[in-house]
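1. Build the 3D model from these lines:
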Amino acid sequence: MRKVLLVAVVLVCVFFACRKEETSHPELVLRYADNQGHGYPTVEAAKYMAELVKERTGGKIEIRVYPDSVLGSENSVMEQMVYGGIDMSRFSLGTLSQFFPELWTLQLPYLYTDSAHMWRVLDGEIGDMYLQGMSDKGLVGLAWYDAGARSFYTRMPISSVSSLRGLTIRVQENDMMSRTIELLGAKAVQIPYGDVYSALQKLRIDGAENNLPSYVFMDHNQAAPYFYQDEHFRLPEVVMISNDARKKVEAVDPAFVNLITECAKESGFYERKLWQEEEKRAYEEAVQSGVKFTIPGEDDMLALKKAMEPLYQELGPKEQDIVQRIGDT
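-> Next up, the predicted model:
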(Lines give C-alpha, C1' and ligand atoms only; values in the text may rest on other atoms or scores of the structure.)
Protein backbone atom coordinates (compact mmCIF):
# COMPACT_ATOMS: atom_id res chain seq x y z
CA MET A 1 0.00 0.00 0.00
CA ARG A 2 2.80 2.37 0.89
CA LYS A 3 4.49 1.62 -2.42
CA VAL A 4 1.27 2.43 -4.25
CA LEU A 5 0.88 5.71 -2.37
CA LEU A 6 4.53 6.60 -3.01
CA VAL A 7 4.16 5.94 -6.73
CA ALA A 8 0.97 8.01 -6.76
CA VAL A 9 2.70 10.91 -5.03
CA VAL A 10 5.63 10.75 -7.46
CA LEU A 11 3.27 10.70 -10.45
CA VAL A 12 1.36 13.70 -9.10
CA CYS A 13 4.61 15.62 -8.57
CA VAL A 14 5.82 14.78 -12.08
CA PHE A 15 2.45 15.83 -13.51
CA PHE A 16 2.50 19.24 -11.82
CA ALA A 17 6.20 19.74 -12.59
CA CYS A 18 5.55 19.06 -16.27
CA ARG A 19 2.44 21.23 -16.21
CA LYS A 20 4.42 24.05 -14.63
CA GLU A 21 7.11 23.69 -17.29
CA GLU A 22 4.49 23.71 -20.06
CA THR A 23 2.80 26.85 -18.76
CA SER A 24 5.95 28.78 -17.86
CA HIS A 25 6.63 31.80 -20.03
CA PRO A 26 9.72 33.95 -20.56
CA GLU A 27 9.71 37.33 -18.90
CA LEU A 28 10.89 38.94 -22.11
CA VAL A 29 10.59 37.96 -25.78
CA LEU A 30 12.87 39.68 -28.29
CA ARG A 31 12.11 39.68 -32.03
CA TYR A 32 15.12 39.09 -34.29
CA ALA A 33 14.89 39.75 -38.06
CA ASP A 34 16.96 38.29 -40.91
CA ASN A 35 16.46 38.62 -44.66
CA GLN A 36 17.91 35.16 -45.40
CA GLY A 37 16.15 31.79 -45.15
CA HIS A 38 16.36 28.81 -42.83
CA GLY A 39 19.68 27.01 -43.23
CA TYR A 40 21.63 30.13 -44.13
CA PRO A 41 24.67 30.68 -41.84
CA THR A 42 23.45 33.98 -40.38
CA VAL A 43 20.02 32.56 -39.58
CA GLU A 44 21.43 29.39 -38.02
CA ALA A 45 23.89 31.47 -35.97
CA ALA A 46 21.01 33.65 -34.75
CA LYS A 47 19.16 30.51 -33.65
CA TYR A 48 22.31 29.37 -31.86
CA MET A 49 22.51 32.72 -30.06
CA ALA A 50 18.85 32.37 -29.08
CA GLU A 51 19.57 28.95 -27.56
CA LEU A 52 22.50 30.34 -25.58
CA VAL A 53 20.46 33.25 -24.27
CA LYS A 54 17.53 31.07 -23.26
CA GLU A 55 19.82 28.61 -21.48
CA ARG A 56 21.95 31.19 -19.68
CA THR A 57 19.03 33.35 -18.55
CA GLY A 58 17.20 30.30 -17.23
CA GLY A 59 14.45 30.82 -19.80
CA LYS A 60 13.74 34.37 -18.64
CA ILE A 61 14.64 35.84 -22.04
CA GLU A 62 13.69 34.30 -25.35
CA ILE A 63 14.86 35.46 -28.78
CA ARG A 64 12.52 34.54 -31.62
CA VAL A 65 14.17 34.53 -35.03
CA TYR A 66 12.15 35.65 -38.08
CA PRO A 67 13.99 34.80 -41.35
CA ASP A 68 13.03 35.28 -45.03
CA SER A 69 12.47 39.05 -44.65
CA VAL A 70 9.08 38.39 -43.02
CA LEU A 71 9.61 41.48 -40.86
CA GLY A 72 10.76 43.58 -43.82
CA SER A 73 13.84 44.44 -45.88
CA GLU A 74 17.11 45.42 -44.20
CA ASN A 75 16.34 49.13 -44.53
CA SER A 76 12.82 48.63 -43.21
CA VAL A 77 14.06 46.54 -40.28
CA MET A 78 16.63 49.19 -39.44
CA GLU A 79 13.94 51.87 -39.27
CA GLN A 80 11.68 49.64 -37.17
CA MET A 81 14.54 48.97 -34.73
CA VAL A 82 15.18 52.68 -34.31
CA TYR A 83 11.53 53.17 -33.34
CA GLY A 84 11.35 50.04 -31.17
CA GLY A 85 9.25 47.84 -33.48
CA ILE A 86 11.94 45.15 -33.85
CA ASP A 87 14.47 44.26 -31.15
CA MET A 88 17.44 42.65 -32.89
CA SER A 89 18.85 41.92 -36.33
CA ARG A 90 22.06 41.60 -38.29
CA PHE A 91 22.95 44.07 -40.99
CA SER A 92 25.43 44.33 -43.82
CA LEU A 93 27.84 47.24 -43.67
CA GLY A 94 26.23 48.32 -46.91
CA THR A 95 22.98 49.02 -45.06
CA LEU A 96 24.56 50.27 -41.83
CA SER A 97 26.71 52.89 -43.56
CA GLN A 98 23.55 54.84 -44.41
CA PHE A 99 23.00 55.31 -40.68
CA PHE A 100 26.65 55.27 -39.56
CA PRO A 101 28.76 57.15 -42.17
CA GLU A 102 31.97 56.33 -40.27
CA LEU A 103 31.64 52.76 -41.60
CA TRP A 104 32.41 54.06 -45.09
CA THR A 105 36.10 53.23 -44.62
CA LEU A 106 35.45 49.54 -43.86
CA GLN A 107 33.58 49.22 -47.17
CA LEU A 108 36.46 50.24 -49.40
CA PRO A 109 37.04 47.77 -52.24
CA TYR A 110 40.11 45.55 -52.00
CA LEU A 111 40.72 46.79 -48.44
CA TYR A 112 41.80 43.37 -47.12
CA THR A 113 44.20 40.88 -48.67
CA ASP A 114 42.06 37.90 -47.60
CA SER A 115 39.62 36.62 -44.99
CA ALA A 116 42.31 36.02 -42.35
CA HIS A 117 43.47 39.63 -42.70
CA MET A 118 39.93 40.94 -42.22
CA TRP A 119 39.41 38.94 -39.02
CA ARG A 120 42.73 40.09 -37.59
CA VAL A 121 41.39 43.61 -38.01
CA LEU A 122 37.83 43.06 -36.76
CA ASP A 123 38.82 40.89 -33.79
CA GLY A 124 41.26 43.58 -32.66
CA GLU A 125 41.19 47.22 -31.59
CA ILE A 126 39.85 48.53 -34.88
CA GLY A 127 36.89 46.16 -34.90
CA ASP A 128 36.08 46.94 -31.26
CA MET A 129 36.31 50.67 -31.99
CA TYR A 130 33.72 50.41 -34.75
CA LEU A 131 31.36 48.21 -32.70
CA GLN A 132 31.49 50.66 -29.80
CA GLY A 133 30.97 53.54 -32.20
CA MET A 134 27.65 52.07 -33.32
CA SER A 135 25.96 52.91 -30.04
CA ASP A 136 23.91 55.94 -30.95
CA LYS A 137 20.78 56.44 -33.09
CA GLY A 138 18.92 53.95 -30.94
CA LEU A 139 21.08 50.95 -31.82
CA VAL A 140 23.98 49.02 -30.26
CA GLY A 141 26.51 46.84 -32.11
CA LEU A 142 27.13 43.46 -30.47
CA ALA A 143 29.23 41.22 -32.73
CA TRP A 144 30.58 40.61 -36.24
CA TYR A 145 29.25 37.97 -38.64
CA ASP A 146 31.06 36.78 -41.76
CA ALA A 147 29.57 37.48 -45.17
CA GLY A 148 32.46 36.34 -47.30
CA ALA A 149 33.81 38.17 -50.32
CA ARG A 150 31.62 39.73 -52.98
CA SER A 151 32.28 39.16 -56.67
CA PHE A 152 30.49 39.79 -59.96
CA TYR A 153 28.14 37.39 -61.72
CA THR A 154 26.51 37.99 -65.08
CA ARG A 155 24.28 36.59 -67.79
CA MET A 156 27.12 36.77 -70.33
CA PRO A 157 30.79 35.71 -70.06
CA ILE A 158 33.30 38.04 -68.38
CA SER A 159 36.89 37.41 -69.39
CA SER A 160 38.50 40.52 -67.90
CA VAL A 161 37.77 43.79 -66.15
CA SER A 162 37.15 45.41 -69.54
CA SER A 163 34.18 43.05 -70.04
CA LEU A 164 32.32 44.90 -67.26
CA ARG A 165 32.23 48.18 -69.19
CA GLY A 166 28.74 49.16 -70.29
CA LEU A 167 26.98 46.45 -68.28
CA THR A 168 24.10 47.16 -65.91
CA ILE A 169 24.99 45.70 -62.50
CA ARG A 170 22.73 45.43 -59.47
CA VAL A 171 24.15 46.65 -56.16
CA GLN A 172 22.79 47.07 -52.65
CA GLU A 173 21.13 50.35 -51.77
CA ASN A 174 24.53 51.83 -51.00
CA ASP A 175 26.43 54.72 -52.56
CA MET A 176 29.89 53.18 -52.08
CA MET A 177 28.86 50.15 -54.10
CA SER A 178 27.39 52.32 -56.84
CA ARG A 179 30.59 54.35 -57.05
CA THR A 180 32.69 51.18 -57.28
CA ILE A 181 30.65 49.86 -60.20
CA GLU A 182 30.73 53.19 -62.01
CA LEU A 183 34.52 53.46 -61.64
CA LEU A 184 34.72 50.19 -63.58
CA GLY A 185 32.71 51.67 -66.43
CA ALA A 186 29.47 49.83 -65.64
CA LYS A 187 26.06 51.20 -64.71
CA ALA A 188 24.97 50.62 -61.12
CA VAL A 189 21.32 49.93 -60.31
CA GLN A 190 20.15 49.72 -56.70
CA ILE A 191 17.60 46.91 -56.41
CA PRO A 192 16.36 45.11 -53.25
CA TYR A 193 17.96 41.71 -52.73
CA GLY A 194 14.70 39.81 -53.13
CA ASP A 195 14.09 41.30 -56.60
CA VAL A 196 17.43 40.39 -58.19
CA TYR A 197 16.41 37.02 -59.66
CA SER A 198 13.39 38.54 -61.38
CA ALA A 199 15.50 41.44 -62.68
CA LEU A 200 17.98 38.98 -64.19
CA GLN A 201 15.25 36.88 -65.78
CA LYS A 202 13.50 39.92 -67.26
CA LEU A 203 16.85 41.26 -68.58
CA ARG A 204 16.50 44.47 -66.56
CA ILE A 205 20.10 43.94 -65.42
CA ASP A 206 23.11 42.19 -66.91
CA GLY A 207 24.42 40.97 -63.61
CA ALA A 208 24.94 41.63 -59.93
CA GLU A 209 27.58 41.28 -57.23
CA ASN A 210 27.38 39.27 -54.05
CA ASN A 211 29.04 36.50 -52.07
CA LEU A 212 29.01 32.94 -53.37
CA PRO A 213 26.56 31.44 -50.83
CA SER A 214 23.97 34.17 -51.51
CA TYR A 215 24.46 33.71 -55.25
CA VAL A 216 23.60 30.01 -55.02
CA PHE A 217 21.11 30.21 -52.14
CA MET A 218 18.82 32.52 -54.15
CA ASP A 219 19.28 30.54 -57.41
CA HIS A 220 20.94 33.50 -59.13
CA ASN A 221 23.34 30.97 -60.69
CA GLN A 222 20.41 29.74 -62.79
CA ALA A 223 19.92 33.17 -64.37
CA ALA A 224 23.54 34.44 -64.37
CA PRO A 225 25.92 31.49 -64.84
CA TYR A 226 29.19 33.45 -65.20
CA PHE A 227 31.06 34.27 -61.97
CA TYR A 228 33.97 36.73 -62.10
CA GLN A 229 35.68 36.04 -58.76
CA ASP A 230 37.50 39.33 -58.12
CA GLU A 231 36.38 39.56 -54.43
CA HIS A 232 36.15 43.35 -54.56
CA PHE A 233 34.30 43.71 -51.25
CA ARG A 234 34.62 41.94 -47.92
CA LEU A 235 31.67 43.33 -46.03
CA PRO A 236 31.17 41.69 -42.63
CA GLU A 237 27.82 42.01 -40.96
CA VAL A 238 26.91 43.27 -37.51
CA VAL A 239 24.48 41.81 -34.98
CA MET A 240 22.63 44.68 -33.35
CA ILE A 241 20.11 45.28 -30.59
CA SER A 242 17.93 48.34 -30.16
CA ASN A 243 18.37 50.60 -27.15
CA ASP A 244 14.73 49.98 -26.21
CA ALA A 245 15.31 46.22 -26.19
CA ARG A 246 18.48 46.66 -24.16
CA LYS A 247 16.55 48.59 -21.51
CA LYS A 248 13.97 45.80 -21.39
CA VAL A 249 16.76 43.26 -20.87
CA GLU A 250 18.24 45.38 -18.10
CA ALA A 251 14.83 45.54 -16.40
CA VAL A 252 14.75 41.73 -16.24
CA ASP A 253 18.31 41.55 -14.87
CA PRO A 254 21.15 44.09 -15.38
CA ALA A 255 23.64 41.22 -15.70
CA PHE A 256 21.78 39.95 -18.77
CA VAL A 257 22.91 42.97 -20.84
CA ASN A 258 26.53 41.74 -20.95
CA LEU A 259 25.35 38.15 -21.16
CA ILE A 260 23.53 38.82 -24.44
CA THR A 261 26.64 40.52 -25.84
CA GLU A 262 28.72 37.47 -24.92
CA CYS A 263 26.20 35.14 -26.55
CA ALA A 264 26.20 37.29 -29.70
CA LYS A 265 30.00 37.12 -29.90
CA GLU A 266 29.96 33.34 -29.43
CA SER A 267 27.39 33.05 -32.19
CA GLY A 268 29.73 35.12 -34.37
CA PHE A 269 32.48 32.51 -34.10
CA TYR A 270 29.91 29.80 -34.75
CA GLU A 271 28.67 31.66 -37.85
CA ARG A 272 32.21 31.88 -39.27
CA LYS A 273 32.48 28.09 -39.13
CA LEU A 274 29.10 27.71 -40.81
CA TRP A 275 30.10 30.27 -43.43
CA GLN A 276 33.23 28.36 -44.43
CA GLU A 277 31.19 25.19 -44.80
CA GLU A 278 28.53 27.02 -46.81
CA GLU A 279 31.09 28.58 -49.15
CA LYS A 280 32.49 25.15 -49.98
CA ARG A 281 29.03 23.69 -50.52
CA ALA A 282 27.93 26.66 -52.64
CA TYR A 283 31.01 26.41 -54.85
CA GLU A 284 30.43 22.71 -55.47
CA GLU A 285 26.75 23.30 -56.26
CA ALA A 286 27.61 26.19 -58.59
CA VAL A 287 30.11 24.06 -60.53
CA GLN A 288 27.63 21.20 -60.82
CA SER A 289 24.99 23.60 -62.15
CA GLY A 290 27.32 24.68 -64.94
CA VAL A 291 28.60 28.01 -63.59
CA LYS A 292 31.78 29.20 -65.30
CA PHE A 293 34.26 30.72 -62.85
CA THR A 294 36.88 33.25 -63.92
CA ILE A 295 39.63 34.30 -61.51
CA PRO A 296 41.25 37.61 -62.53
CA GLY A 297 44.92 37.42 -63.41
CA GLU A 298 47.59 39.64 -61.89
CA ASP A 299 47.24 42.36 -64.55
CA ASP A 300 43.47 42.44 -64.14
CA MET A 301 43.75 42.75 -60.36
CA LEU A 302 46.16 45.65 -60.73
CA ALA A 303 43.72 47.33 -63.12
CA LEU A 304 40.82 46.77 -60.73
CA LYS A 305 42.69 48.25 -57.77
CA LYS A 306 43.95 51.19 -59.83
CA ALA A 307 40.38 52.00 -60.86
CA MET A 308 39.48 52.31 -57.16
CA GLU A 309 42.17 54.91 -56.38
CA PRO A 310 39.71 57.87 -56.47
CA LEU A 311 37.83 56.37 -53.50
CA TYR A 312 41.01 56.19 -51.44
CA GLN A 313 42.13 59.68 -52.50
CA GLU A 314 38.88 61.16 -51.19
CA LEU A 315 39.54 59.95 -47.64
CA GLY A 316 40.29 62.44 -44.89
CA PRO A 317 43.40 62.18 -42.67
CA LYS A 318 41.59 60.12 -40.00
CA GLU A 319 40.28 57.61 -42.53
CA GLN A 320 43.66 57.39 -44.26
CA ASP A 321 45.22 56.58 -40.91
CA ILE A 322 42.72 53.75 -40.35
CA VAL A 323 43.43 52.36 -43.83
CA GLN A 324 47.14 52.41 -42.99
CA ARG A 325 46.51 50.63 -39.70
CA ILE A 326 44.42 48.01 -41.48
CA GLY A 327 47.17 47.47 -44.01
CA ASP A 328 49.73 47.01 -41.22
CA THR A 329 47.57 44.55 -39.24
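2. who's in contact with the spatially closest residue to Glu271 that is not a sequence neighbour?
-> Distance criterion CB to CB, 6 or more residues apart in numbering; nearest residue to Glu271, sequence neighbours excluded, is Ala45 at 3.4 Å. C-beta here means a position set from N, CA and C on the backbone, and glycine is covered the same way. Ala45 makes contact with 145, 267-268, 270-271, 274 under the criterion CB atoms under 8 Å, 6 or more residues apart in numbering.
3. Following element in sequence after the helix or strand hosting Gln276, please.
-> Here Gln276 sits within helix 255-288, counting by DSSP states H and E. Later in the chain than helix 255-288, the nearest helix or strand by DSSP H and E is strand 292-294.
4. For the helix or strand that that next one is followed by, name the packing helices and strands.
-> For strand 292-294, the following helix or strand on the C-terminal side (DSSP H and E) is helix 298-307. Judged by 3 or more CB pairs under 8 Å, 6 or more residues apart in numbering; DSSP states H and E, helix 298-307 is in contact with strand 226-234.
5. contact partners of the strand it packs on?
-> Strand 226-234 has contacts (CB under 8 Å, 6+ apart) with 107, 109-112, 115, 118, 147-158, 161, 163-164, 177, 180, 207, 209, 212, 215, 221, 286, 291-296, 300-301, 304.
6. filter these to the buried ones?
-> 107, 109-112, 115, 118, 147-155, 158, 161, 163-164, 177, 180, 207, 209, 212, 215, 221, 286, 291, 294, 296, 300, 304 (16 or more other CB atoms under 10 Å).
7. what kind of secondary structure is the spatially closest residue to Ala46 that is not a sequence neighbour in?
-> Residue nearest to Ala46 in three dimensions, not counting chain neighbours: Val65, with 4.8 Å by CB to CB, 6+ apart. With DSSP: H, G, I helix; E, B strand; the rest coil as the basis, Val65 sits in strand.
8. for Val65, what are its contacts?
-> So Val65 contacts 32, 34, 43, 46-47, 50 (CB under 8 Å, 6+ apart).
9. Good, wrapping up.
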